[in-house]
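In: Any chance you can model this:
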Amino acid sequence: METIGTWWMWAGFAVFVVVAIGIDLLVMERQGAHKVTTKEAVKWSVLWFSLAFVFVAGLWWYLDGSQGREVANTVSMQFITGYLVEKSLSIDNIFVFLMLFSYFAVPPQHQKRALIIGIIGAIVLRTLLILAGAWLLASFHWLLYVFGAFLVFTGAKMWFAAGQEPDIATNPVLRFLRKRIRIADVFDGEKLTTTINGVKHYTPLFVVLILIGTTDIIFAVDSIPAIFAITSDPFIVLTANIFAILGLRALYFLLADLADRFHLLAYGLALVLVFIGGKMLLIDLVKIPIGYALLVTAGLIAGSIILSLRTSAAAAPGEPTALPPKT
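Out: Sure, this is the predicted structure:
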């Protein structure tokens with residue numbers, strides 16, 4: 001696997017991730033269970049976003065001095081494009097998390113803990129999947145076409161499924177858990193298990209964590225091939241993914257109350273997946289410059305967000321932006 005990452009860059013990034021998560025857990029422990037305010041979510045979102053661009057600025061500086069300006073510019077744009085794609089696709093995760101928390105009536109003060117545990121699991125899972133994917137692509141070039149076709153199919157599926165809320169009650173994982181374990185009807189603080197009449201039960205928070213984990217597996221299968229269409233360098237793929245995931249919790253609390261206003265974003269994400277999948281399918285015929293890929297990706301996402309906000313603002317006060325489902 002060809003990569004610009006040296007052993008000390010891999011080690012340094014691993015230390016950064018461990019320290020970042022450790023600080024996050026320490027802050028969460030000191031604050032205790034509490035509802036995250038919009039102001040707090042904005043601060044953390046700005047922090048994670050800034051750290052990602054400080055990282056790419058440092059990477060550009062290092063590569064400019066060691067491998068030349070052209071390599072530095074190319075790799076930096078690959079990281080930014082990959083980060084933008086992963087960050088945008090993670091918004092789809094946020095909508096699913098919101099539905100899970102609403103369905104199980106997770107108290108706002110306990111949502112933070114559920115998300116950070118889910119993020120730790122996602123980091124471990126995606127690291128394994130990315131390293132395996134990089135090895136497979138380096139060994140079997142034809143897998144690029146498989147990934148490309150899969151992304152086009154996923155994008156088309158997302159387009160036609162946009163606006164349709166999944167029925168959580170029929171989720172196969174939830175149905176499996178209900179048959180195999182005892183689930184309490186109420187929460188017991190932030191505990192994952194509780195005792196009722198001397199019998200061990202799992203709390204709804206435990207079930208939510210399992211569903212968040214399985215949901216991330218599904219989204220990882222979609223998003224990881226997307227970034228491999230931008231670059232095959234495992235160091236860039238991994239760092240862009242991890243930075244997007246680290247800011248996921250803050251982004252959730254920032255956008256949770258605005259989810260309904262981004263009702264067209266799913267269409268923009270669907271087009272991004274189709275575009276990236278097409279880029280991957282044509283990789284041996286047409287070389288799309290990374291700069292153009294960045295512009296198209298940013299344009300599709302920004303366009304869907306702007307259209308969402310404009311149509312939401314145009315709706316009459318108290319009037320839904322979309323017709324309710326027929327009964």
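
In: Which helix runs longest in the protein?
Out: Longest helix of the chain, by residue count under DSSP state H: helix 69-103.

In: moving C-terminal of that one, what's the next helix or strand?
Out: The helix or strand immediately downstream of helix 69-103 is helix 108-139, counting by DSSP states H and E.

In: who's in contact with Leu136?
Out: With contact set as C-beta atoms under 8 Å, 6 or more residues apart in numbering, Leu136 has these partners: Leu143. Quick note: C-beta positions are derived from backbone N, CA and C, even for glycine.

In: next one: Leu128
Out: By C-beta under 8 Å, 6+ apart, the contact list for Leu128 is empty.

In: Give me the three-state assignment for Thr239.
Out: For Thr239, the assignment made with DSSP: H, G, I helix; E, B strand; the rest coil gives helix.

In: Please report the distance of Trp159 from Thr81.
Out: 21 Å (C-beta to C-beta, to the nearest Å).

In: give me the low-pLDDT residue ranges for the stretch 151-300 of the chain?
Out: Counting by pLDDT under 70, the ranges of the stretch 151-300 of the chain that qualify are 163-167, 169, 222, 256-260.

In: residue ranges for the helices of it, please.
Out: Ranges of helices in the stretch 151-300 of the chain, per DSSP state H, counting those that start in this stretch, are 172-180, 204-228, 234-246, 248-255, 265-281, 290-314.

In: which stretch among the ones you listed comes nearest Ile116?
Out: Among those, the nearest to Ile116 by C-beta to C-beta is helix 248-255 (5.9 Å).

In: buried stuff in the closest one?
Out: Buried residues in helix 248-255, counted by 16 or more other C-beta atoms under 10 Å: Leu248, Arg249, Ala250, Leu251, Tyr252, Phe253, Leu254, Leu255.

In: Mind putting these into CSV with distance to Arg30?
Out: Conversion of the buried residues of helix 248-255 to CSV gives the following (distance: C-beta to C-beta, whole Å):
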residue, distance to Arg30
Leu248, 21
Arg249, 16
Ala250, 17
Leu251, 22
Tyr252, 21
Phe253, 18
Leu254, 22
Leu255, 25
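
In: Pick the most deeply packed of the helices of the stretch 151-300 of the chain.
Out: helix 234-246 (a mean of 25; mean count of other C-beta atoms under 10 Å).

In: Let me see the contact set for the nearest residue in space to Val85 that is not next to it in sequence.
Out: In this structure, Val85 finds its nearest non-sequential neighbour in Ala226, 5.5 Å apart by C-beta to C-beta, 6 or more residues apart in numbering. By C-beta under 8 Å, 6+ apart, the contact set of Ala226 is Val85, Glu86, Leu89, Leu151, Val272, Leu273, Ile276, Gly277.

In: which one of those residues sits closest to Trp10?
Out: Once C-beta to C-beta is applied, the member of the contacts of Ala226 that ends up nearest Trp10 is Glu86, at 18.9 Å.

In: Distance check, the residue nearest to Val85 against Phe101.
Out: 26 Å.

In: For Trp10, see how far away the residue positioned nearest the centre of the chain is.
Out: Closest to where the C-alpha atoms of the chain average out (C-alpha atoms, centre = their mean) is Ser90, at 2.7 Å. Counting by C-beta to C-beta, the gap from Ser90 to Trp10 is 23 Å.

In: Out of the helices of the stretch 151-300 of the chain, the one nearest Leu129 is which?
Out: Using C-beta to C-beta, the helices of the stretch 151-300 of the chain put helix 204-228 closest to Leu129, at 5.6 Å.

In: tilt between the closest one and helix 248-255?
Out: Angle, helix 204-228 to helix 248-255, by axes from the mean of the first three to the mean of the last three C-alpha atoms, to 10 degrees: 100 degrees.

In: and helix 204-228, how far from the chain's centre?
Out: Mean C-alpha position of helix 204-228 versus that of the full chain (C-alpha atoms, centre = their mean, to the nearest Å) differs by 9 Å.

In: now do stretch 225-238
Out: Here stretch 225-238 is found 15 Å from its chain centre; the criterion is C-alpha atoms, centre = their mean.

In: Can you give me the end-to-end span of it?
Out: Terminal residues of stretch 225-238 lie 12 Å apart, using C-alpha to C-alpha, to the nearest Å.

In: Mind putting the helices of the stretch 151-300 of the chain into JSON lines with distance to Pro107?
Out: Below are these laid out as JSON lines (distance: least, C-beta to C-beta, whole Å):
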{"stretch": "helix 172-180", "distance to Pro107": "19"}
{"stretch": "helix 204-228", "distance to Pro107": "9"}
{"stretch": "helix 234-246", "distance to Pro107": "24"}
{"stretch": "helix 248-255", "distance to Pro107": "14"}
{"stretch": "helix 265-281", "distance to Pro107": "27"}
{"stretch": "helix 290-314", "distance to Pro107": "28"}
